[in-house]
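J.: Predicted structure and sequence below. I'll ask about it afterward.
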Amino acid sequence: MKLLATATTLFSLTSVVLAYEASSVPCLMWSPKNYIVDNAKSNSQIVLSSSDATSTILSSLSSDICSAKVITLVNQPEIQSTTLARHGYENAFSQLKEYNSEAATRTQIKYISNGVDVEQVAKQIASQCDAEVSTLDPSAVARENFVAKNAPVVAIVPLPSSNNDVNILEDNNKLLDQVLETVKEEVHDDYVVIYTSSSAKPSSSQTLRRRAPQAPQDLPIFKKYQLFTPGVFMVLGVVFLFMFIAGTGITWLVGIQTPLRFEGPANKQKKQQ
């Protein structure tokens, strides 16, 4: 019974971990200047609620954030914390990773439960800097959208919903590059980017709208399917731990249930005669 209870607990924990991965989103923040405070170590393994994420994002901005000319909040709906590292999605986030890696300051929040309230984050930044929030069409941005006056431009850039479609994400990768190149043309390196997602899972109405299936490709299995993810390794670790505990328990039970036979004094005397 104890072994069964232990196994149930372990598998329950595994289910919880996988559920968190499926319903959590990442948040990447970077800037060519010192506008970002690196809190990545303290936030790397913590699952934040949406409200806690708002305060954490704001606390990751430096005290002179209002000196930045442009603060861009890029909203990519329907990505999860594991999407950025998913096999086969390398081209979907190439520009994102390049801008992030080349930034002078950056930080990351890996796990935010159920998405970030992007509009609330933008409103609080705008309130702090006495600025206004604008929402821009990523396919129609122009330098005029990023002309800063007495306060920074706080712009929300909503990318099309991904619906876990790598083709859409690759198109969005190009849109992101266009937006940030336009920002750089206007303000050079005096900007901040907050890249996150307002939702982790596609809504029921959006899941019905799928692209036409592509012709099947004869690819190796490791290119067709994502076989190795953090969740898979976590499950394997739990399974091996369970097998070790079960094996130890069975060995212990067999040991205490096998009677040891001792020869009494009478039997010893008979053998000696």
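T.: Right, received. Where do you want to start?
J.: And Glu181, how close does it get to Tyr191?
T.: Distance of Glu181 to Tyr191, computed by CB to CB, to the nearest Å: 11 Å. Yep, even glycine has a C-beta here, placed from its N, CA and C like the rest.
J.: Which one of those two is surrounded by more residues?
T.: Comparing Glu181 with Tyr191 by other CB atoms under 10 Å, the one with more neighbours is Tyr191, at 25 against 12.
J.: If we ignore the residues flanking it in sequence, what's nearest Asn172?
T.: Using CB to CB, 6 or more residues apart in numbering and skipping residues adjacent in sequence, the residue nearest Asn172 is Leu159, 4.4 Å away.
J.: Just list the residues touching that neighbour, thanks.
T.: Going by CB atoms under 8 Å, 6 or more residues apart in numbering, Leu159 touches 74-77, 138, 172, 175-176.
J.: what about it, distance to Gln76?
T.: Distance, Leu159 to Gln76, by CB to CB: 5 Å.
J.: Which neighbours do these two have in common?
T.: Taking CB under 8 Å, 6+ apart as the contact rule, Leu159 and Gln76 both touch Asn172.
J.: about what we covered before: now the contacts of Leu159 as JSON lines including neighbour count?
T.: As requested, the contacts of Leu159 are arranged in JSON lines below (neighbours: other CB atoms under 10 Å):
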{"residue": "Val74", "neighbour count": "23"}
{"residue": "Asn75", "neighbour count": "23"}
{"residue": "Gln76", "neighbour count": "28"}
{"residue": "Pro77", "neighbour count": "22"}
{"residue": "Pro138", "neighbour count": "18"}
{"residue": "Asn172", "neighbour count": "23"}
{"residue": "Leu175", "neighbour count": "19"}
{"residue": "Leu176", "neighbour count": "23"}
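J.: In strands only, show me those residues.
T.: Mapping the contacts of Leu159 onto strands (DSSP state E) picks out 74-75.
J.: any idea which of the contacts of Leu159 is closest to Thr105?
T.: The nearest member of the contacts of Leu159 to Thr105, counting by CB to CB, is Val74 at 17.1 Å.
J.: bridging residues for the closest one?
T.: Beta bridges link Val74 to Val157, Tyr195, judged by DSSP bridges.
J.: quick one: the helices in the stretch 101-250 of the chain?
T.: Assigned helices in the stretch 101-250 of the chain, in chain order: 118-129, 166-187, 204-207, 221-224, 230-257 (criterion: DSSP state H, counting those that start in this stretch).
J.: Of all those, which one is nearest Glu90?
T.: Nearest of the helices of the stretch 101-250 of the chain to Glu90, taken as CB to CB: helix 166-187 at 9.7 Å.
J.: Show the average pLDDT along the closest one.
T.: For helix 166-187, mean pLDDT rounds to 97.
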